[in-house]
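K.L.:
I'll drop the sequence and a predicted model, then ask my questions.
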Amino acid sequence: MTLKEKTQRAAASAVLEKSVKYIKKNPEENLVKLVDAVQGFAGKVFPEKNFDKFREGAADPNNIYGQLVRRAINDLDYNVFRNMSLAMGLGVAAGTKTVRENREKYKCNIPFITLIDPTSACNMNCKGCWSAEYGHTLKLSYEEMESIVEQGRELGTHLYMFTGGEPLICKKEILKLCEKYPQCAFLAYTNATLVDQAFCDELKRVGNLALAVSIEGDEESNDFRRGEGAYKTTVEAMELLKKNGCLFGISVCYTSKNIYSVTSDAFLDDMISKGVMFALYFNYMPVGKSAVPELIPDPEQRKYMYKRVRALRNGKTGKSLFIMDFQGDGEYVGGCIAGGRNYFHINSAGDIEPCVFIHFSDSNIRTHTLLEALRNPLFMAYYKNQPFNDNHMRPCPMLENPDCLCKMIADTGAKSTDLIEKETAEELCSKCRKFADEWAPVAEEVWNSTEHRPSKTYYYRDTPEGKAELEKNKE
């Protein structure tokens, strides 16, 4: 860290510690002071009205988000609470400003988040998962991951997520990164089989690494995809994480088989009781030749998910969790966030891919810098074509707009990077066309009958260069 960063961190840490002490003495009255403290060191990045909303929630003892913050303060190890708050409030918030500046400077997408696969190895074999089988030898070195973070920080990216494979196979390297970059926030998607007391001790020590534990509903629903005994192992890991005050949530792939189970009151109440602070939902994607397209939620199920998630987030009647649905929340982020617009993915072979679900690339970390990849043809195709649909309930160029992905791959010459068995863009998209066609009219009906906040998203088509290109194409 620079001297300036260290000074800011020390000052913010002192304010945070004082605020937490006040809150523990009188939570109902002093929670608002924590919002004031966070706004003091992160308020220049986010709109003031956002903090007004936070204060409103903090002042209401029945507000689910006020309850969530109180749970975090009371249940998390203080080093975890402090270090993650500082990483998000200082590093990520300040980095956002740099990201925006670099988007203007380089005229391309610059990501807010980078996903990294430390290894392709996994000790499970879940149905429909694209990860390679256990024993696969592809792996990024610590030096390569360090270079990714170092390059990312220069661009403004301060949030890193580890996927896989099972990333905790490389837990030593991940913890080393967390220790070296306290100004960054890290998260690992994990099956939790490698969580033990020693690892919990390390999570508390570094404080800026959270876990997203994979689970697919109740025991029957979970073990259908993840194998017999997986649910029991996952729950035991959750209990250990909660006991140690570690920050964790759940990662849920919702399918046509489990969508109602994983969004039920009973399931979510049970997760909250186990210490879960956030829930990240992912629509099943038919990636790989062994994929099962029948697991894609049908249009009525997608419509249900859209409405259900919004009910769960209701400040008065919802659940005290931070909930995101990466397929259904397109309206909040301006559609597809891949291709570096908000994130991209680096697999365990070093291939720089636009999305964790779209295994095509024209760049590799061993031959290209991150900035070069962002300015290479594939990522520039994303930059120039986003949004792929003005109805942000149809954000994806693969699942909802398959012709878009096929055209980008054909135009840029990007190659398949699937680690198990190569498939063409047409082979991948052919598994999505039936759903895309059936979902389109339902998505239009829901989108046109639902009120949406004005989008402040800035696309290439809004730039002077983009406007000129559109006019030229009309001629």
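P.N.:
All right, it came through fine. Numbering: from 1, shown residues only.
K.L.:
check contacts around the nearest residue to Pro299 once chain neighbours are set aside.
P.N.:
Of all residues beyond its chain neighbours, the one nearest Pro299 is Val442 (4.2 Å), with distances taken as C-beta to C-beta, 6 or more residues apart in numbering. Quick note: C-beta positions are derived from backbone N, CA and C, even for glycine. Counting by C-beta atoms under 8 Å, 6 or more residues apart in numbering, Val442 makes contact with 299-300, 302-303.
K.L.:
could I get those as CSV with distance to Asn385 and pLDDT?
P.N.:
As requested, the contacts of Val442 are exported to CSV (distance: C-beta to C-beta, whole Å; pLDDT from 0 to 100):
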residue, distance to Asn385, pLDDT
Pro299, 24, 98
Glu300, 29, 98
Arg302, 23, 97
Lys303, 26, 97
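K.L.:
Need the buried ones from those selected in ChimeraX.
P.N.:
Here is the ChimeraX command that selects the buried residues among the contacts of Val442 (16 or more other C-beta atoms under 10 Å):
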select :299,302,303
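K.L.:
so of the contacts of Val442, which ones are in strands?
P.N.:
If you go by DSSP state E, these have nothing in strands.
K.L.:
Which pair in the contacts of Val442 has the greatest spatial separation?
P.N.:
Glu300 and Arg302 (7.3 Å; C-beta to C-beta).
K.L.:
Now for Leu247: which residues touch it?
P.N.:
Applying C-beta under 8 Å, 6+ apart, we find Leu247 in contact with 72, 76, 80-81, 84, 203, 210-211, 277.
K.L.:
Name the nearest of those relative to Cys122.
P.N.:
Using C-beta to C-beta, those come closest to Cys122 at Leu211, 15.7 Å.
K.L.:
Ramachandran coordinates for Ser251?
P.N.:
Torsion angles at Ser251 (phi, psi; degrees, to the nearest 10) stand at phi -110, psi 120.
K.L.:
Look up how far Cys200 lies from it.
P.N.:
Distance, Ser251 to Cys200, by C-beta to C-beta, to the nearest Å: 19 Å.
K.L.:
Now Leu470. Nearest residue, chain neighbours left out?
P.N.:
Per C-beta to C-beta, 6+ apart, closest to Leu470 is Arg461, 6.3 Å.
K.L.:
can you give me phi and psi for that neighbour?
P.N.:
Reported as degrees, to the nearest 10, the phi and psi values for Arg461 are phi -60, psi -20.
K.L.:
do Phe282 as well
P.N.:
The phi/psi pair for Phe282 (degrees, to the nearest 10) is phi -130, psi 130.
K.L.:
Test my guess that it contacts Ile250.
P.N.:
No. Using C-beta atoms under 8 Å, Phe282 makes no contact with Ile250, being 11.0 Å away.
K.L.:
picking that back up, between the contacts of Val442, which is nearest Lys422?
P.N.:
Nearest to Lys422, judged by C-beta to C-beta, of the contacts of Val442 is Arg302 at 29.2 Å.
K.L.:
Count the neighbours of the closest residue to the closest one other than its chain neighbours for me.
P.N.:
What sits nearest to Arg302 in space, not counting adjacent residues and going by C-beta to C-beta, 6+ apart, is Trp439, at 6.3 Å. Using other C-beta atoms under 10 Å, Trp439 is surrounded by 23 other residues.
K.L.:
now swap in Glu444 and tell me
P.N.:
Quick note: Glu444 (other C-beta under 10 Å) scores 13 neighbours.
K.L.:
Make residue 1 into 24 and carry on from there
P.N.:
Noted, 24 is the first residue going forward, which turns the last one into Glu467.
K.L.:
quick one: what helix or strand has it in it?
P.N.:
For Glu467, the enclosing helix or strand under DSSP states H and E is helix 456-471.
K.L.:
do Leu210 as well
P.N.:
Using DSSP H and E, Leu210 maps to strand 208-213.
K.L.:
Show me what that strand packs onto, helices and strands only.
P.N.:
For strand 208-213, the elements it packs on are strand 182-185, helix 194-203, strand 232-237, judged by 3 or more C-beta pairs under 8 Å, 6 or more residues apart in numbering; DSSP states H and E.
K.L.:
Next secondary structure after that strand?
P.N.:
Sequence-wise, the next helix or strand downstream of strand 208-213 (DSSP H and E) is helix 220-229.
K.L.:
ok, residues contacting that following helix?
P.N.:
100, 102-103, 106, 191, 194, 198, 201-202, 205, 232, 234, 263-264, 266-270.
K.L.:
so what pLDDT did the nearest residue to Ala233 once chain neighbours are set aside get?
P.N.:
Residue nearest to Ala233 in three dimensions, not counting chain neighbours: Leu270, with 4.3 Å by C-beta to C-beta, 6+ apart. Looking at Leu270, its pLDDT is 98.
K.L.:
Can you give me the distance of Leu270 to Ser108?
P.N.:
10 Å.
K.L.:
So Phe305 and Ile273 - more neighbours on which side?
P.N.:
Ranked by neighbour count (other C-beta under 10 Å), Phe305 and Ile273 place Ile273 first, with 26 against 18.
K.L.:
can you tell me which helix or strand the more buried one belongs to?
P.N.:
Short version, using DSSP H and E: Ile273 is in strand 271-277.
K.L.:
need the next SSE after that strand, C-terminal direction.
P.N.:
Next along the chain after strand 271-277, taking DSSP H and E as the criterion, comes helix 288-296.
K.L.:
What are the buried residues along that next one?
P.N.:
In helix 288-296, counting by 16+ other C-beta under 10 Å, buried: 290-291, 294-295.
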